[in-house]
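> Below are the sequence and a predicted model for it; my questions follow.
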Amino acid sequence: MTDLRTRKYLVLLVAIVTIAIVQSFPRRVVVGPVVSDGLVALMLLGVLLVVFERRHERSLAFVALAAAYAAMLGHYTVAGVVERDLRIAYHGLAALFLALAVAAILRNIFRQKSDVRIDDVLGTVCGYLLAAAAWANLYAFVEALLPGSFAVASGLEHDLASWHGRIALFDYFSLVTITTMGYGDVTPVRAPATALATIEAVFGQFYIAVVVAELVGARLARASSGSSTRPE
């Protein structure tokens with residue numbers, strides 16, 4: 001159990017990458033939409049247990065996650081305006097949950113900055129990927145509120161027409177935006193989507209330049225200090 005606790009961010013990183021792979025299939029053809037949604041829910045529950053250490057934060061995050069997945073389950077039985085309302089609720093709550101997770105990860109890591117481990121560096125990677133997921137849900141939230149906020153390349157239009165297709169599309173768009181790769185096959189064309197994409201690109205560069213670099217630098221400084229005080 002102690003081993004697992006000291007490698008919690010490694011386990012979390014594996015879970016996040018698994019979620020990203022599952023959600024990258026617009027039609028969830030591998031295991032089916034219901035099973036894949038259940039798998040993602042279980043892994044996000046793992047995020048909740050790993051990341052949130054304070055009881056009140058864990059309670060708030062659990063409420064947001066439970067409500068989000070209630071909305072996701074509801075979309076299987078409704079259509080039209082109600083389905084749109086469930087989309088808005090789901091993506092808004094998911095963005096809140098993920099933003100809380102990023103804030104908790106960074107606070108937990110910087111709280112023990114004097115003793116930075118490799119697992120803490122992996123924690124910053126987890127925070128980066130969860131931040132991208134939070135932005136993806138913000139984009140989906142905006143598109144649900146203001147249809148037509150994004151233009152997509154030919155062949156991707158059908159993804160905007162389905163629940164899982166939108167998740168896959170905006171997860172992809174968020175990752176290429178936060179890394180500033182910008183392929184151009186998905187483009188924000190109206191406010192506030194244009195502003196959000198710009199802010200995410202700035203956030204991604206700031207995160208790499210400040211958060212990751214500072215922790216890696218602290219770990220290297222600690223290693224250097226340890227070697228310099230070692231007797232010859």
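On my side now, so go ahead.
> Correct me if wrong: residue 43 contacts residue 14.
No - under the criterion of Cβ atoms under 8 Å, residue 43 is not in contact with residue 14, lying 9.4 Å apart. C-beta here means a position set from N, CA and C on the backbone, and glycine is covered the same way.
> Between the two, point out the one with more neighbours.
residue 43 (17 against 14; other Cβ atoms under 10 Å).
> residues contacting residue 12?
Shown in contact with residue 12 (Cβ atoms under 8 Å, 6 or more residues apart in numbering): 46, 47, 50, 51, 122, 123, 126.
> Got the phi and psi for the fourth one?
Geometry field for residue 51 lists phi and psi as phi -80, psi -40, criterion degrees, to the nearest 10.
> isn't it right next to residue 107, touching?
No - contact criterion Cβ under 8 Å: residue 51 and residue 107 do not qualify, at 9.9 Å.
> Strands of the chain, residue ranges please.
For the chain, strands defined by DSSP state E occupy the ranges 150-152, 186-188.
> what packs against the longest helix along the chain?
Secondary structure assigned by DSSP state H gives helix 81-111 as the longest helix of the chain. Here helix 81-111 touches helix 33-51, helix 55-74, helix 118-145, going by 3 or more Cβ pairs under 8 Å, 6 or more residues apart in numbering; DSSP states H and E.
> tell me, how many neighbours does residue 6 end up with?
When counting by other Cβ under 10 Å, one arrives at 12 neighbours for residue 6.
> So it versus residue 120, what's the distance?
Taking Cβ to Cβ, to the nearest Å as the measure, residue 6 falls 10 Å from residue 120.
> With residue 68 instead?
28 Å.
> quick one, which of these two is more surrounded?
residue 68 (23 against 20).
> I'd say that one and residue 98 touch.
No - contact criterion Cβ under 8 Å: residue 68 and residue 98 do not qualify, at 9.9 Å.
> how about low-confidence regions in this structure?
Across the chain, the ranges flagged by pLDDT under 70 are 1-5, 26-32, 79-80, 112-116, 216-232.
> Could you check how far residue 98 is from residue 156?
Remark: distance between residue 98 and residue 156 (Cβ to Cβ) = 24 Å.
> ugh, wrong one, residue 82
26 Å.
> again, but for residue 214
Remark: distance between residue 214 and residue 156 (Cβ to Cβ) = 37 Å.
> quick one, which of the two is more surrounded?
A count of neighbours by other Cβ under 10 Å puts residue 156 above the other of residue 214 and residue 156, at 18 against 14.
> And residue 51 and residue 107? Which one has more around it.
residue 51 (25 against 13).
> what sits against the more buried one?
12, 61, 101, 104, 105, 108.
> most neighbours per residue, which of the helices and strands packed on helix 81-111?
Each of those was scored by mean neighbour count; the highest is helix 118-145, a mean of 22, by mean count of other Cβ atoms under 10 Å.
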